[in-house]
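K.L.:
Need a 3D model of the sequence below.
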Amino acid sequence: MSTYLKALASYLPKLIVQRANDGRLGGNEPVAERFPAALLFADVSGFTSLTERLAAGGPAGTEHLTQILNLYFGRIIDIVEYWGGDVVKFAGDALIVLWPAPDGAGAPLALATRSATACALQLQRELNNYDVGGDLRLSMKISIGAGTVICSHLGGVYERWEFLLAGSPLEQVGIANGMASPGDVMLSAAAMVFIRGDVSAEALDEGAFRVTGALTAAAPAASVLDVLPVAAAALRRYIPGAIRTRLDANQTDWLGEQRRLSVIFLNLPTFSAERPLADAHQTMKSLQLALYRFEGSINKISVDDKGASLIAVLGLPPLGHVDDPERAVRAAIAMRQVLTAAGHECTIGITTGLAFCGSIGNEQRREYTVMGNIVNLAARLMQAAKAPGHGGLLCDEPTWNAAQRRLKFETLPPIKVKGRSAPVAIFRPIEGESMVQASTSASRAPAIGREAEIAILSERLDAIARGEAGGCVLVKAERGMGMGRTLEEAARRAGARGMTVLVGAGDSIDHHTPYAAWRSVFEALFRTELTAPDTTSRRYNILASLPDEPRLLKAAPLFEPVLPLGWEDNDETRNLAGSGRAERTRDLFSAVLGQSAAAKPVLVVLHDAQWIDGASGEMLMRLAGQAAPLLVIASFTPEAGRDATWLGDLEHKQSVQVIELKPLTDEAIAQVACWRLGVKTLPDLAARLIIERAEGVPVYAEEIALALRADGLLVIQGEDAEWRGGRDLKAIKLPNTVEG
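P.N.:
As a prediction, this is how the structure comes out:
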């Protein structure tokens, strides 16, 4: 067996490898099989505290954590292998192990249950109350069930399949685990039937039993399962992209890492083993489609007595993004919508922060896992989302903070959650709102140091106020230079002049959707017409507001990309296709905006133009040369927009003015830090440190100032700041990234 095949197989249970060898996997239809088995659920506690403590030690701490995890889980796997079990799932800090009994539910299932119980007792003897140093210990509670297990193979979107275990043994261990304490081995009533008389146990409520004595059992003969080369393609379909990418690069071993992630914890209480296969398959495909659109990945999925639980993660390699928190919220909303449409109830928690990511286990069996406080908190928020008034979907403060510029949230009262001493701030995303909510309001933060640029924009606003042609201004800068605040200040000044202000934005997720950047512009333009209660009335209202030109009225169905109201093609538009349809669409859009500008000057603000689609880019080019008193101010980041070739053409267009935001002066950087901290002035040493480290980037100045305050180096009292960091500024350690 090649090294590659061996590494591939180590990420999957024997249950899957055997079926791939036999050719039973690899089709495009869902499959479900039922078989009797004993099932062991081992729940380990203590890893969260360990992860948090060692993560603070940087790369060395993460390496130490990886070693501890591999040593601990590796020993679990060795003991399970000795007793003939199959580690089927790693569920965060837990494992699910199977002992299939394919020959029937009689003696073979009794033998499987005895092996599972003997394995559990050895695990507790060796690995409960396990000392990992630093006054930290790992503890374990184990539950065993027995009966018919259902293994379903679902999904298949982008050739990514998930196997899902369900059935009464999962429900049995879920109930028993809720009654267990660290050090316990619990047997469900169904499992107890098979070994009654072989082990002493204490009967508890709800039919569970706590094992109180030893069990004599012989370990099954060891079996070796080779992986056939023909199985490789089928196995790859069950392995996450983060693993496949590494294996394809011949990186079979690597250390864990701390990554900034956004985690979605979703619970489907109505999902059970009794759900028809076709329905379960369609549910999984819908979830995959909703999540993969935002380039997230499913990390864990399981079914127990509380329904189905799914953990999705955004930010795992190779698909990390600067806007992963926003993507997580939008993915969660999309997943919730498809589930609700299918008649499923669901609750969701979303968190953002550092987490341990890595492969844990040993060469025989391992799994890529995500572990840390943010995963636990996502589960707590998912539970809290069930409460009245929480709407079934909650996120934490870091997620809200990163996404609130483009999404709208309701701030809810803080809540107490298990594992946190202080109340946790929670926020509920508001579904169906525009993706540029924050940009439509007056600027909430001053554009410090951008007075010259704003003066130029004010002159352009004065020109269209006099009825002159507006043209286009491109504001060009790297991220963190204050583009958003500059554009918001221009919008505020246009509003103060009585102008119509329309706001759109490019989107790194929808950058291939035609005219996506203009949807919010036209929704705002026709805000009154769109208040009608039904789509038919909305269409008629829009038609009534259009210029009285037959050619434009006949082109109204071309509004569908920006005003999706079920417009049907007519004789004028039915035969339009390709460039002809695109040209007529731009004619319609520009004529409507021109009519509005003739009545009252219009400012169109377009954020993140580097992410707009080609059709939206052509529309921007059209407006840049229009004679109407309509000004477009668009921002873009050159690095992110290097593939948008039309941007280069637009920059050199005669009617386009380019303003590049350069690093701020030292004085402006100090002012930015003062504003963020709410003080009049900064102590000299604090100002010098912030100016040196920020290098003219306002967002760095803000975050460094906040970090100094959080570390107690800057003490704020009212509008005064006191420096307590000493005179050796080089000795002060600060993160090197905005994320840090």
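K.L.:
Apart from its chain neighbours, what residue comes closest to residue 118?
P.N.:
Leaving aside its sequence neighbours, residue 118 sits nearest to residue 217 (CB to CB, 6 or more residues apart in numbering; 4.0 Å). Just so you know, the C-beta spots here come from the backbone N, C-alpha and C atoms, and that holds for glycine as well.
K.L.:
show me the contacts for that neighbour.
P.N.:
When contacts are counted by CB atoms under 8 Å, 6 or more residues apart in numbering, residue 217 touches 114-115, 117-118.
K.L.:
Next one: it from residue 115, what distance?
P.N.:
Separation of residue 217 from residue 115 (CB to CB, to the nearest Å): 6 Å.
K.L.:
quick one: stretch 461-469 to chain centroid distance?
P.N.:
Stretch 461-469 sits 44 Å away from the centroid of its parent chain (CA atoms, centre = their mean, to the nearest Å).
K.L.:
May I have the distance across that stretch, first residue to last?
P.N.:
Between the start and the finish of stretch 461-469 there is a gap of 10 Å, counting by CA to CA, to the nearest Å.
K.L.:
hmm, back to that, quickly find the element holding the residue nearest to residue 118.
P.N.:
Remark: residue 217 resides in no helix or strand, with elements defined by DSSP states H and E.
K.L.:
now swap in residue 48 and tell me
P.N.:
Following DSSP H and E, the helix or strand that holds residue 48 is helix 47-55.
K.L.:
Give the buried residues for stretch 721-731.
P.N.:
By neighbour count, with 16 or more other CB atoms under 10 Å as the criterion, the buried positions of stretch 721-731 are 721, 723, 725.
K.L.:
Could you identify the least confident member of the residues you listed?
P.N.:
In terms of pLDDT, the least confident member of the buried residues of stretch 721-731 is residue 725, at 86.
K.L.:
ok, back up a step: now what about the helix holding residue 48, what contacts it?
P.N.:
Contacts with helix 47-55, where a contact means CB under 8 Å, 6+ apart, come from 61-62, 64-65, 68-69, 93, 132, 134, 136, 138, 258, 354-356, 371-373, 376, 419.
K.L.:
Which members of these are positioned in helices?
P.N.:
Secondary structure from DSSP state H places 61-62, 64-65, 68-69, 373, 376 of the contacts of helix 47-55 in helices.
K.L.:
of these, buried ones?
P.N.:
Neighbour counting by 16+ other CB under 10 Å classes 62, 64-65, 68-69, 373, 376 among the ones in helices among the contacts of helix 47-55 as buried.
K.L.:
In these, find the pair that's most separated.
P.N.:
Checking these against each other with CB to CB, the farthest-apart pair comes out as 64 and 376, at 20.9 Å.
K.L.:
secondary structure class for the closest residue to residue 270 other than its chain neighbours?
P.N.:
In space, and not counting its chain neighbours, residue 270 is closest to residue 345: 5.1 Å by CB to CB, 6+ apart. When the structure is reduced to helix, strand and coil (DSSP: H, G, I helix; E, B strand; the rest coil), residue 345 reads as coil.
K.L.:
need the longest strand for the chain.
P.N.:
Using DSSP state E, we find that the single longest strand of the chain is strand 136-157.
K.L.:
Rebuild the buried ones among the ones in helices among the contacts of helix 47-55 as a markdown table, extending it with distance to residue 316 and pLDDT.
P.N.:
Conversion of these to a markdown table gives the following (distance: CB to CB, whole Å; pLDDT from 0 to 100):
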| residue | distance to residue 316 | pLDDT |
| --- | --- | --- |
| 62 | 16 | 81 |
| 64 | 22 | 85 |
| 65 | 18 | 85 |
| 68 | 22 | 89 |
| 69 | 17 | 88 |
| 373 | 17 | 88 |
| 376 | 18 | 90 |
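K.L.:
buried set for stretch 339-352?
P.N.:
With the criterion 16+ other CB under 10 Å, stretch 339-352 contains buried residues 339, 344, 346-352.
K.L.:
can you dump the C-alpha coordinates of that stretch into CSV?
P.N.:
Listed in CSV are the C-alpha atoms of stretch 339-352, where the atom choice follows Å, rounded to 0.1, in the frame of the first residue of the first chain:
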residue,chain,number,x,y,z
LEU,A,339,-34.1,24.5,5.8
THR,A,340,-37.2,26.6,6.6
ALA,A,341,-38.4,26.3,3.1
ALA,A,342,-38.1,22.5,3.4
GLY,A,343,-40.1,22.5,6.6
HIS,A,344,-37.3,22.0,9.0
GLU,A,345,-36.8,23.8,12.3
CYS,A,346,-33.3,24.9,13.1
THR,A,347,-31.3,27.1,15.5
ILE,A,348,-27.8,28.5,14.8
GLY,A,349,-24.9,30.1,16.7
ILE,A,350,-22.1,31.9,15.0
THR,A,351,-18.7,32.9,16.6
THR,A,352,-15.4,34.3,15.4
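K.L.:
tell me the average confidence for that stretch?
P.N.:
In this model, stretch 339-352 has an average pLDDT of 92.
K.L.:
Flag every buried residue along stretch 577-589.
P.N.:
Buried residues in stretch 577-589, counting neighbours by 16+ other CB under 10 Å, are found at 582, 584-586, 588-589.
K.L.:
just to revisit the earlier point, I figured the residue nearest to residue 270 was touching residue 269, is that so?
P.N.:
Yes: with contacts counted by CB atoms under 8 Å, residue 345 reaches residue 269, the gap being 5.7 Å.
K.L.:
Could you list every helix and strand in contact with the helix or strand residue 278 falls within?
P.N.:
Secondary structure assignment for residue 278, by DSSP H and E: helix 277-292. For helix 277-292, the elements it packs on are strand 136-157, strand 160-167, strand 297-304, helix 324-341, judged by 3 or more CB pairs under 8 Å, 6 or more residues apart in numbering; DSSP states H and E.
K.L.:
sorry, back to before: can you pull the contacts of the residue nearest to residue 270?
P.N.:
When contacts are counted by CB under 8 Å, 6+ apart, residue 345 touches 268-270, 339, 392.
K.L.:
got it, and residue 687?
P.N.:
Neighbour list for residue 687: 670, 673 [criterion: CB under 8 Å, 6+ apart].
K.L.:
pretty sure it is in a helix, no?
P.N.:
Yes: going by three-state DSSP, the assignment for residue 687 places it inside a helix.
K.L.:
Quick one: neighbours of residue 70, just the number.
P.N.:
19 (other CB atoms under 10 Å).
K.L.:
same question, residue 289
P.N.:
Residue 289 has 15 neighbouring residues, counting by other CB under 10 Å.
K.L.:
before we move on, what about the one 4 residues further on?
P.N.:
For residue 293, the neighbour count with other CB under 10 Å is 14.
K.L.:
Quick check, it in contact with residue 331.
P.N.:
Yes: when contacts are counted by CB under 8 Å, residue 293 is listed as touching residue 331 (7.3 Å).
K.L.:
sorry, back to before: pull out the buried residues from the helix holding residue 278.
P.N.:
Of all the residues in helix 277-292, those buried under the rule 16+ other CB under 10 Å are 280-281, 283-288, 290-292.
K.L.:
what ranges of the chain fall below the confidence cut-off?
P.N.:
Along the chain, segments meeting pLDDT under 70 span 1, 92, 102-106, 252-255, 273, 432-444, 640-644, 735-740.
K.L.:
How about the contacts made by residue 722?
P.N.:
Residue 722 touches 683, 714-716, counting by CB under 8 Å, 6+ apart.
K.L.:
So it lies in a helix, does it not?
P.N.:
No: Residue 722 sits outside any helix when classified using three-state DSSP, being strand.
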